[in-house]
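Enquirer: Quick one, what's the 3D model for this:
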Amino acid sequence: MQPDLKKRAFALAGVAGALALGGFLTACTTQPTASSTQPGAPAPADASMVTGGDQPPPAPREFRAAWVSTVANIDWPSKQNLTAAQQQAEALAILDRAKALNLNAIVLQVRPSADAIYASKIEPWSEYLSGAQGKAPQPWYDPLKFWVTEAHARGIELHAWFNPFRARHDGARSPAAPNHITNANPAAVKRYGRFMWMDPAEEAASKQTLDVILDVVRRYDIDGVHIDDYFYPYPIEATPAEVAGNAAALDGKTGKAELDFPDQPAWDRYVASGGKLDRASWRRDNVNRLIENIYNGIRREKSWVRFGISPFGLGRPDRRPPGITGFSQYDKLYADAELWLQNGWLDYFTPQLYWPIAQPGQAYDVLLDYWISQNTKGRHMWPGLFTSRIGAPTKDYQPEEVLQQISVTRARPAASGHVHFSMAALMQNRKGISDQLRATRYTGPALVPATPWLGGDAPGTPLVAAERRKNALQLKLKAGKANALYAIWARHGNEWRFAVAPASRVDWTIPDDDKLGAADAVFVSAVDRLGVEGARVQVWNKS
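Expert: You can find the predicted model right below:
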């Protein structure tokens, strides 16, 4: 089993008064009602149509996201050296597909290898944009600002995904830019096989990663910070020469000679300073301190930006359920994911559960239940699905596997979403997976689950006016304080239908239904950046 499957995933391919708007019926025919969707309240994940009732039901809630990888041009841009217009067209196509599929978040890789797909004074432009590290897109634009603006215009969250320690990918084609860390601070970087790796034990390396993340949090209107499974590097097998030179550590479980990470200078300094931890615990502590610092740093900068981690999907060997076997990130990547979860150093946890339900040693449902059991702080549990396995040359999934994994996840109230790796599979509609998701799992939109531990104050009430025009009801919308989205319920006959609109929208149309006719009741509420829904206002009543 290859532990880093994700990165090898087939890159080949308030109502305060009426709003008078000439001739419109006022939105304020009734007083606001308390929201029936309080933070954390359960609601069907895909209840976009609900039958009966005078009041709308709770809004459906589920985190539905996809990773968009920039490394090796897996997802975006499709190749290097595209013009700015071509890159933007591809980004819009991805966002339009996400919107059409009723996804509500994109996790965009903004730092693939100590580089940037945005304008940075700390690290160089990524070669995956222009073909040469340090070269900006032509004509110049800021891709991350573009992605954030266009995602929010569609009511989609944008989470910025950072690789914390990789300095040079083994597939890099251009020389490192002068301001790349391998040149600017070579002592903080170590060669490990074909990779260059920022040493987690070197204070300068961890500080740069933290500085980069907080710089993005300050300067961009992102909704989340996301880091992946690369902490210390995945081990590689040592060559015979390295074994002979005692440069390898023999793994007692596999019997293979693994190349040890070359952090001897930092280890020697630690021991000389009186450090008491053993080497493995010391390495884990290096990572732990960065995780805690990222979480606390984000909290100081912007209270609404959530922090998510996507670790390898298998937990500590000494805690695993019976029958679960395989690679130990705890022992090999020095990633104590259980500790981060139990200390609440994150807002959402996305373990990479990249195995089928029926695979005993790594069964999807068993692993999901394990991570839920470790989630003592009640953080969001949004597992990663290996959707790009569909159509793979070997060990490929049928679409039904992904559909069933979504159903398994929905059957667990403590798991309230999922993330697809990666967007390429959904763009290509491999074996019809996108069609099937839209038809059977994402039949309507959903709000992202609320994050009450970061704030629970309800947003201000929007002002809404409604008017009948031809075969539709036209809404005029004006956002209140802290409005990020509008949640819109319309009743046609005995069916309630749900929609979501960004708070930037001024106009919204509710067309008549061919069979059930015009909407006879409409309610609108505001949702803030943390998913908290405010008071619902009845803006239309046909009677």
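Enquirer: From Arg191, how far out is Gly134?
Expert: 21 Å (Cβ to Cβ, to the nearest Å). Glycine gets a C-beta too; all of them are placed from N, C-alpha and C.
Enquirer: likewise Gln88?
Expert: The gap separating Gln88 from Arg191 is 36 Å, by Cβ to Cβ.
Enquirer: Phe261 too?
Expert: Distance of Phe261 to Arg191, given as Cβ to Cβ: 10 Å.
Enquirer: So for these two, which residues contact both of them?
Expert: Common contacts of Phe261 and Arg191, defined by Cβ atoms under 8 Å, 6 or more residues apart in numbering, comprise Trp197.
Enquirer: Flag every buried residue along stretch 333-344.
Expert: By 16 or more other Cβ atoms under 10 Å, the buried positions in stretch 333-344 come out as Leu333, Tyr334, Ala335, Asp336, Ala337, Glu338, Leu339, Trp340, Leu341.
Enquirer: what's the spacing between the nearest residue to the second one once chain neighbours are set aside and Val271?
Expert: Going back to what we said before, that points to Tyr334. Distances taken as Cβ to Cβ, 6 or more residues apart in numbering put Arg283 closest to Tyr334, at 3.9 Å, once the chain neighbours are dropped. Counting by Cβ to Cβ, the gap from Arg283 to Val271 is 13 Å.
Enquirer: Same drill for those two, tell me which one is more crowded.
Expert: Neighbours were counted for Arg283 and for Val271 using other Cβ atoms under 10 Å; Arg283 has more, 24 against 13.
Enquirer: So what does the more buried one look like in phi/psi?
Expert: Main-chain torsions, Arg283, degrees, to the nearest 10: phi -60, psi -40.
Enquirer: Which elements pack onto the helix or strand where Lys145 lies?
Expert: Using DSSP states H and E, Lys145 falls within helix 143-153. Applying 3 or more Cβ pairs under 8 Å, 6 or more residues apart in numbering; DSSP states H and E, one finds that helix 143-153 contacts helix 84-100, strand 105-111, strand 157-162.
Enquirer: That helix vs strand 105-111, what angle?
Expert: Interaxial angle, helix 143-153 versus strand 105-111 (axes from the mean of the first three to the mean of the last three Cα atoms, to 10 degrees): 180 degrees.
Enquirer: Pull the residues that contact helix 143-153.
Expert: With Cβ under 8 Å, 6+ apart, helix 143-153 has contacts from 87-88, 91-92, 95, 106, 108, 110, 117-118, 129, 137, 157-158, 160, 216, 220-222, 502, 504.
Enquirer: List buried residues within these.
Expert: So, by 16+ other Cβ under 10 Å, the buried ones in the contacts of helix 143-153 are 87-88, 91, 95, 106, 108, 110, 117-118, 129, 137, 157-158, 160, 216, 220, 222, 502, 504.
Enquirer: my read: the residue nearest to Tyr334 touches Phe165, true?
Expert: No. The pair Arg283 / Phe165 is not scored as a contact, 11.7 Å apart, by Cβ atoms under 8 Å.
Enquirer: Which neighbours do the two have in common?
Expert: By the contact definition Cβ under 8 Å, 6+ apart, Arg283 and Phe165 are jointly contacted by Pro200, Tyr232.
Enquirer: Let me see the contact set for the spatially most central residue of the chain.
Expert: Centroid-nearest residue in the chain: Val107, 4.0 Å away (criterion: Cα atoms, centre = their mean). By Cβ under 8 Å, 6+ apart, Val107 lies in contact with Ala65, Ala66, Trp67, Val68, His159, Trp161, Gly224, His226, Gly308, Val419.
Enquirer: Pull out the buried residues from stretch 314-327.
Expert: Leu314, Gly315, Arg316, Arg320, Ile324, Gly326, Phe327.
Enquirer: returning to what we had before: a markdown table for the buried residues of stretch 333-344, including secondary structure?
Expert: Shown next, in a markdown table, are the buried residues of stretch 333-344 (DSSP: H, G, I helix; E, B strand; the rest coil):
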| residue | secondary structure |
| --- | --- |
| Leu333 | coil |
| Tyr334 | coil |
| Ala335 | coil |
| Asp336 | coil |
| Ala337 | helix |
| Glu338 | helix |
| Leu339 | helix |
| Trp340 | helix |
| Leu341 | helix |
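Enquirer: quick check, nearest of those residues to Pro186?
Expert: Using Cβ to Cβ, Tyr334 comes nearest to Pro186 of these, at 22.5 Å.
Enquirer: Give the next helix or strand downstream of the worst-scoring helix or strand of the chain on mean pLDDT.
Expert: None of the helices or strands of the chain scores lower by mean pLDDT, DSSP states H and E than strand 248-250, at a mean of 43. Moving toward the C-terminus from strand 248-250, the next helix or strand (DSSP H and E) is strand 257-259.
Enquirer: ok now that next one, how far from the chain's centre?
Expert: Here the centre of strand 257-259 is set off from its chain's centre by 33 Å, with Cα atoms, centre = their mean, to the nearest Å.
Enquirer: what is the mean pLDDT for it?
Expert: In this model, strand 257-259 carries a mean pLDDT of 93.
Enquirer: which helices and strands sit right next to the helix or strand just after it?
Expert: Downstream of strand 257-259, the next assigned helix or strand under DSSP H and E is helix 264-272. Identification of packing neighbours for helix 264-272 by 3+ Cβ pairs under 8 Å, 6+ apart yields helix 279-301.
Enquirer: redo that, cut-off 10 Å
Expert: strand 189-192, helix 279-301 (3 or more Cβ pairs under 10 Å, 6 or more residues apart in numbering; DSSP states H and E).
Enquirer: need these in JSON lines with distance to Tyr397, can you?
Expert: Formatted as JSON lines, the helices and strands packed on helix 264-272 follow (distance: least, Cβ to Cβ, whole Å):
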{"stretch": "strand 189-192", "distance to Tyr397": "31"}
{"stretch": "helix 279-301", "distance to Tyr397": "31"}
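Enquirer: Would you confirm that Pro462 contacts Tyr486?
Expert: Yes. The pair Pro462 / Tyr486 is scored as a contact, 6.4 Å apart, by Cβ atoms under 10 Å.
Enquirer: joint contacts of those two?
Expert: Taking Cβ atoms under 10 Å, 6 or more residues apart in numbering as the contact rule, Pro462 and Tyr486 both touch Leu475, Leu477, Ala479, Ala503, Val524, Ser525, Ala526.
Enquirer: still on that earlier bit, so of the helices and strands packed on helix 264-272, which one's packed in deepest?
Expert: The highest mean neighbour count among those, using mean count of other Cβ atoms under 10 Å, belongs to strand 189-192: a mean of 20.
Enquirer: Parallel or antiparallel, which strands does it pair with?
Expert: Sheet pairing of strand 189-192 (DSSP bridges) gives strand 195-198 (antiparallel).
Enquirer: what's in contact with the partner strand?
Expert: Taking contacts as Cβ under 10 Å, 6+ apart, the residues outside strand 195-198 that touch it are 113-114, 163-170, 172, 176, 180-182, 185-186, 188-191, 204-206, 208-209, 230, 232-234, 236, 261-263.
Enquirer: Quick check: buried residues in stretch 452-466?
Expert: Applying 16+ other Cβ under 10 Å to stretch 452-466 flags Leu454, Ala458, Pro459, Gly460, Thr461, Pro462, Leu463, Val464, Ala465, Ala466 as buried.
Enquirer: Using the three-state scheme, assign Val366.
Expert: Under three-state DSSP, the three-state class of Val366 is helix.
Enquirer: Also the one 3 residues further on?
Expert: When the structure is reduced to helix, strand and coil (three-state DSSP), Asp369 reads as helix.
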